[in-house]
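Trainee: No letters, just coordinates:
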């Protein structure tokens with residue numbers, strides 16, 4: 001994988017963390033808005049306040065799903081990983097993707113060097 005591709009995958013890998021932070025910030029802002037206005041918030045105001053949170057959730061889901069697919073395909077196609085470790089990574093991606101993807105990025109993708117062909121003496 002080229003250096004530019006690794007940078008793009010790295011940005012994509014940490015993008016869900018950004019979306020989670022945006023969701024929390026928007027939720028806190030919405031809660032503060034409700035607290036200041038009391039129960040006088042109209043339905044259109046509530047919907048307008050919730051739209052950024054919903055958009056961040058949709059982007060988070062799409063980003064996480066695409067990362068899951070990318071990393072599982074990468075593990076399956078990576079010949080330098082043994083079958084037991086391959087199964088471990090796939091299970092980690094499925095059950096703990098938010099943690100496993102950045103770890104795999106640092107452990108496997110950054111250190112991934114193309115293998116040199118030996119002459120075979």
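Mentor: Here it is on my side, so go on. If you're wondering where the values come from, they're calculated on a predicted model, not measured in any experiment.
Trainee: Would you mind listing where this structure has pLDDT under the threshold?
Mentor: 39, 113-121 (pLDDT under 70).
Trainee: quick one: the helices in it?
Mentor: 3-37, 43-77, 83-104 (DSSP state H).
Trainee: buried ones in the shortest one?
Mentor: Neighbour counts over helix 83-104 (16 or more other C-beta atoms under 10 Å) mark 89-90, 92-93, 97, 100-102, 104 as buried. Placement of C-beta: from N, CA and C, glycine included.
Trainee: Which two among the residues you listed are spaced furthest apart?
Mentor: Using C-beta to C-beta, the two most remote members of the buried residues of helix 83-104 are 90 and 102, lying 16.2 Å apart.
Trainee: about what we covered before: kindly reformat the buried residues of helix 83-104 as JSON lines containing distance to residue 51.
Mentor: Converted to JSON lines, these look like this (distance: C-beta to C-beta, whole Å):
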{"residue": "89", "distance to residue 51": "37"}
{"residue": "90", "distance to residue 51": "36"}
{"residue": "92", "distance to residue 51": "34"}
{"residue": "93", "distance to residue 51": "31"}
{"residue": "97", "distance to residue 51": "26"}
{"residue": "100", "distance to residue 51": "31"}
{"residue": "101", "distance to residue 51": "28"}
{"residue": "102", "distance to residue 51": "29"}
{"residue": "104", "distance to residue 51": "33"}
